[in-house]
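Asks: coords below, sequence missing:
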Ligand SMILES: Cc1nn(C)c(C)c1/N=N/c1ccc(/C=C/C(=O)NO)cc1
Ligand SMILES: [Zn+2]
């Protein structure tokens, strides 16, 4: 197949993130209500609308997700977590994923199951050759969700659920997860810590969130030792730092591991305009990362690549970053200009600075244990 699969569902745009900026508003705390929570789904709906309005959607093969089943969820999460989400979802005002800052509304479990189901459908369609690669514009995100709890706006770990489905249902032996979301992919690290069947790579802003994980010395354990690979980057990194991290560490790791499928935890919060991090990628930088991952997928995995939407909180800029990645996946140019490039370009971020090179070079030794 040569087409790119695409997943979006109206319900992904209905996730209820409440009326606070990140916390519920409080007169006591003087935290004002605001129309859009940082994780408001409108940001991702705007990406869908740009994919549609640019005409790119006509080059994509729309896939229809169903809800993930209890069995799908329990491959990576404790039953207690699953049951708690369902019970809180039945409450009149919904509940929380587990860390007290990840609210969902009444019936929110339907959307979370549909997000995980979207990840599964994208993996199924790529693994069986229905499509060449796929972009699942799913919501809520998943990469912070751990075996026993949701976290960081994530309820179920969509990427881990999809990887487990590929291993246990589709018969794959080796799956790689590459997390370019700006925050540490702690969820898959927790879930697959002891497994060598998933190579889990996270490139992220050092100590951004969670602030206590994502360090180079977190490498997995038991059979999984060496199959967790963290590349923390200093704040302020742009295309220079990210492209070097991919060329020097991420791509060599994938060549050594030879996964049969690559899943990208595709967040756009490493962009220059994101409120929840301090990196400096522009849309063309994300396009370059997509190109690099596609090339190594062609080398080792017959091109089998699934991108799953994770974070990204600038309603202004996420649409342009996401369009660049999906265009690259589909091999299509709609000619849509990055409207913010003239403003963001002069601000820098393109050069690889010495301290960024050192941070990446420190991670090169981690490659030795991937066989
Ligand atoms: C506030 C606050 N207060 N407390 C106690 C906690 C635990 C808080 N969480 N902050 C957060 C929560 C989520 C993110 C990013 C998620 C993402 O985009 N992942 O990809 C960043 C900071
Ligand atoms: Zn993030």
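Replies: Yep, it's here. Just so you know, these numbers come straight off a predicted model, no measurement behind them. Residues are numbered from 1 along each chain as shown. Ligands and ions are numbered 1, 2, ... in the order given.
Asks: how about the strands in the stretch 51-200 of the chain?
Replies: Along the stretch 51-200 of the chain, the stretches classed as strands by DSSP state E, counting those that start in this stretch are 60-62, 95-96, 103-104, 133-136, 175-179, 198-205.
Asks: residue numbers of the chain in contact with ligand 1?
Replies: Applying Cβ under 6 Å from any ligand atom, one finds that the chain approaches ligand 1 through 22, 99, 101, 141, 143-144, 152-153, 181, 183, 209, 267, 269, 276, 310-311. From N, CA and C alone the C-beta is placed, and that goes for glycine too.
Asks: wait, which of those is closest to ligand 1?
Replies: Using Cβ to the nearest ligand atom, residue 311 is the member of these that lies nearest ligand 1, at 2.8 Å.
Asks: around ligand 2, pick out the residues from the stretch 51-200 of the chain.
Replies: When proximity is defined as Cβ under 5 Å from the ion, the stretch 51-200 of the chain approaches ligand 2 at 181, 183.
Asks: okay, now the unreliable bits of the stretch 51-200 of the chain?
Replies: Residues of the stretch 51-200 of the chain meeting the criterion pLDDT under 70: none.
Asks: for residue 264, which non-adjacent residue is closest in space?
Replies: Leaving out its chain neighbours, the residue that sits closest to residue 264 by Cβ to Cβ, 6 or more residues apart in numbering is residue 307, at 4.4 Å.
Asks: same question for residue 43.
Replies: Nearest in space to residue 43, with sequence neighbours left out and distances taken as Cβ to Cβ, 6+ apart, is residue 315 at 4.5 Å.
Asks: now for that neighbour, how many residues are close by?
Replies: When neighbours are counted by other Cβ atoms under 10 Å, residue 315 registers 16.
Asks: secondary structure class for it?
Replies: Counting by DSSP: H, G, I helix; E, B strand; the rest coil, the backbone at residue 315 sits in coil.
Asks: list the residues that contact it.
Replies: 36, 40, 42, 43, 46 (Cβ atoms under 8 Å, 6 or more residues apart in numbering).
Asks: shouldn't the residue nearest to residue 264 be within a strand?
Replies: Yes: the assignment for residue 307 by three-state DSSP puts it in a strand.
Asks: tell me which of the contacts of residue 315 is nearest to ligand 2?
Replies: Lowest distance from ligand 2 to the contacts of residue 315 (Cβ to the ion) belongs to residue 43, with 12.0 Å.
Asks: from memory residue 318 sits against residue 312, does it?
Replies: Yes: counting by Cβ atoms under 8 Å, a contact exists between residue 318 and residue 312, whose distance comes to 4.3 Å.
Asks: so where's the stretch 201-350 of the chain shaky on pLDDT?
Replies: Answering for the stretch 201-350 of the chain: no residues sit below the bar, that is pLDDT under 70.
Asks: tell me which stretches of it form helices.
Replies: Secondary structure of the stretch 201-350 of the chain by DSSP state H, counting those that start in this stretch: the helices cover 239-245, 251-257, 283-300, 318-330, 341-344.
Asks: save the strands of the stretch 51-200 of the chain as CSV, and put in mean neighbour count too.
Replies: As requested, the strands of the stretch 51-200 of the chain are arranged in CSV below (neighbours: other Cβ atoms under 10 Å):
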stretch, mean neighbour count
strand 60-62, 16
strand 95-96, 20
strand 103-104, 24
strand 133-136, 30
strand 175-179, 30
strand 198-205, 27
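Asks: quick one on the thing from earlier: the residue nearest to residue 264 bridge partners, please.
Replies: Judged by DSSP bridges, the bridge partners of residue 307 are residue 135, residue 264.
Asks: list the contacts of it.
Replies: Remark: with contacts taken as Cβ under 8 Å, 6+ apart, residue 307 is in contact with 133, 134, 135, 136, 263, 264, 266, 290, 325, 329.
Asks: now the residue nearest to residue 43: how far from ligand 2?
Replies: Distance of residue 315 to ligand 2, computed by Cβ to the ion, to the nearest Å: 15 Å.
Asks: follow-up on the earlier one: would you format the strands of the stretch 51-200 of the chain as JSON lines with distance to residue 247 included?
Replies: JSON lines is the format used below for the strands of the stretch 51-200 of the chain (distance: least, Cβ to Cβ, whole Å):
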{"stretch": "strand 60-62", "distance to residue 247": "29"}
{"stretch": "strand 95-96", "distance to residue 247": "40"}
{"stretch": "strand 103-104", "distance to residue 247": "39"}
{"stretch": "strand 133-136", "distance to residue 247": "21"}
{"stretch": "strand 175-179", "distance to residue 247": "13"}
{"stretch": "strand 198-205", "distance to residue 247": "12"}
